[in-house]
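Visitor: below are the sequence and a predicted model; questions follow.
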Amino acid sequence: MQTQRPAGHVDAVKAYTVSTFGRIARAPGWFKNLTGPAQTGQVQAQDALEGRSTPTMPVVRISALANTPGDKASVTLFDTLKGSPIMGNRNLEGNEQSLESSSQDIRLDEMGQGVDAGKRMDQKRIVTELLPMAESALAGWFPKAYNQLALIHVAGSRGTRTGGDWVIPLASDTNFDRIAVNRILAPSYNRHLVIDGPGFAGNNGAGLGSVDSGDVWTLDHIDYLALLLNVLDVPLQPVIIPGDRAAMDKPIKAVLFLTPAQMNQFTTQNSGRTWADMVKMAYARKSSMSEPHPLFDGEPGLWKGILIKEMPVNYVVGWNPGDTTRIVTEADRYTGTESDQTVNGSLGSSYQVERALLMGGQALGFLEGGLKSNGYWFELKRRKYDYDRGNAIGGFTCMGMQKLRFTPQAANGQLEPTDHGVIVVDSVVKKISL
């Protein structure tokens, strides 16, 4: 008997799912390029068992729940040992240090989107096949949603920009918290900088209340950040890219993502000569790798160990003068309590504030869970309606993410909530409009 697989057969549906899943997984984007490959090898056995990707990249993918029950996973950070050596015949017993740690739970939930591909007469009126077009639309929508959610979590704010390609609503939307799955954490006090002339505001995030048109990116700020990364009490982990032969001797301290407007400000200074040198250094680093990495695509710059890239998305976390965002003030730095902060209302309607991201390793935890019906974390379903005259298609994924934040011991001995892998930097840009 001839084997047949009619439309709607379980194997056919699975093939559609795998095809669309593959297109989503390969889709270019900010989020995908920050995630390392899965762990392998005996040294990384625990990470491999728990389904974690390379911990030296900014995004850590955790797939421990891909095939097991549960809707959350725990991530734990152990603080580094800081005690002095025990010398000679002095007793080590009784003088051991304790392992200090803090942990964070990340939840996941199902996210879906659907497209009505129309009825028979809708298809009759046009040449294009509507159902494949609907599938393509879903394959483009999901990476957009992932990228935007990752950006919002890492930035610590949705901002107030709308329009364009934004599919994640403003924080004021009644569905926002459910869409985010995990709470959006405002930048910790010690990871929030605001440009103030040639330097940075002394009161960190509260500096948004006094920004002016001169608070723009310059080479001085990059120089300062390169130095800061060497002296932080709780440093960012360097970004170690697979195949980077220079990673041990000259590590990439962090990746700085500038918005298009910030990048334009920075690269046009000195007639672009300094930027051209940075691009050459980044290209030389890329050429030395055993396998080029997409983080080096798009002509980034490299300066004093910081890889500088333009945010490869046409959405930006930013605010207009008079808008409000959440910060942690100096008075609350050890509790992490958030407060409202208004962007300087006298800045003028010709200007806006935009947020750059300085990312090290393990900035964001991404948790994926398998859908019980097919074992993948993405599923595609086709459905007929109205006496089989109409077609609809739905996509579903099971995931959750959150910026990684732990509570290590600061230099003064106090425990301080600290964003583990990202420093945000706010600056003023000139508004561009037609």
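Guide: Yep, it's here. Numbering: from 1, shown residues only.
Visitor: how many residues are close by residue 348?
Guide: The local packing of residue 348 (other C-beta atoms under 10 Å) involves 14 other residues. For every residue, glycine as well, the C-beta is placed using N, CA and C.
Visitor: quick one, strands of the stretch 151-300 of the chain?
Guide: Counting by DSSP state E, counting those that start in this stretch, residue ranges of the strands within the stretch 151-300 of the chain are 192-196, 199-200, 254-258.
Visitor: right, so of those strands, which gets closest to residue 241?
Guide: Residue 241 lies closest, by C-beta to C-beta, to one member of those: strand 254-258, at 9.6 Å.
Visitor: ok, back up a step: need the strands of the stretch 151-300 of the chain in JSON lines with distance to residue 427 and mean neighbour count, can you?
Guide: Shown next, in JSON lines, are the strands of the stretch 151-300 of the chain (distance: least, C-beta to C-beta, whole Å; neighbours: other C-beta atoms under 10 Å):
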{"stretch": "strand 192-196", "distance to residue 427": "4", "mean neighbour count": "24"}
{"stretch": "strand 199-200", "distance to residue 427": "10", "mean neighbour count": "16"}
{"stretch": "strand 254-258", "distance to residue 427": "9", "mean neighbour count": "26"}
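Visitor: check contacts around the nearest residue to residue 144 once chain neighbours are set aside.
Guide: Ranked by C-beta to C-beta, 6 or more residues apart in numbering and with sequence neighbours excluded, the top spatial neighbour of residue 144 is residue 167, at 5.6 Å. Residues counted as contacts of residue 167 (C-beta atoms under 8 Å, 6 or more residues apart in numbering) are 141, 144-145, 148.
Visitor: starting at the chain centroid, how far to the longest helix seen in the chain?
Guide: Secondary structure of the chain per DSSP state H: the longest helix is helix 130-155. A distance of 15 Å separates the centroid of the chain from that of helix 130-155, by C-alpha atoms, centre = their mean, to the nearest Å.
Visitor: list the buried residues of that helix.
Guide: For helix 130-155, the neighbour count (16 or more other C-beta atoms under 10 Å) marks 130-131, 134-135, 138-139, 141-155 as buried.
Visitor: just the angle between that helix and strand 254-258, please?
Guide: 110 degrees (axes from the mean of the first three to the mean of the last three C-alpha atoms, to 10 degrees).
Visitor: now for helix 130-155, which elements pack on it?
Guide: On a contact count with 3 or more C-beta pairs under 8 Å, 6 or more residues apart in numbering; DSSP states H and E, helix 130-155 meets helix 10-26, helix 30-33, strand 109-119, helix 176-180, strand 351-359, strand 364-369, strand 378-385, strand 390-403.
Visitor: can you lay out the ones you listed as a markdown table showing distance to residue 343 and mean neighbour count?
Guide: Shown next, in a markdown table, are the helices and strands packed on helix 130-155 (distance: least, C-beta to C-beta, whole Å; neighbours: other C-beta under 10 Å):
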| stretch | distance to residue 343 | mean neighbour count |
| --- | --- | --- |
| helix 10-26 | 35 | 15 |
| helix 30-33 | 24 | 20 |
| strand 109-119 | 31 | 16 |
| helix 176-180 | 20 | 15 |
| strand 351-359 | 5 | 24 |
| strand 364-369 | 25 | 25 |
| strand 378-385 | 38 | 17 |
| strand 390-403 | 21 | 22 |
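Visitor: now those as JSON lines including distance to residue 103 and mean pLDDT?
Guide: Shown next, in JSON lines, are the helices and strands packed on helix 130-155 (distance: least, C-beta to C-beta, whole Å; pLDDT from 0 to 100):
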{"stretch": "helix 10-26", "distance to residue 103": "29", "mean pLDDT": "44"}
{"stretch": "helix 30-33", "distance to residue 103": "24", "mean pLDDT": "66"}
{"stretch": "strand 109-119", "distance to residue 103": "20", "mean pLDDT": "85"}
{"stretch": "helix 176-180", "distance to residue 103": "20", "mean pLDDT": "96"}
{"stretch": "strand 351-359", "distance to residue 103": "22", "mean pLDDT": "97"}
{"stretch": "strand 364-369", "distance to residue 103": "11", "mean pLDDT": "83"}
{"stretch": "strand 378-385", "distance to residue 103": "28", "mean pLDDT": "84"}
{"stretch": "strand 390-403", "distance to residue 103": "12", "mean pLDDT": "88"}
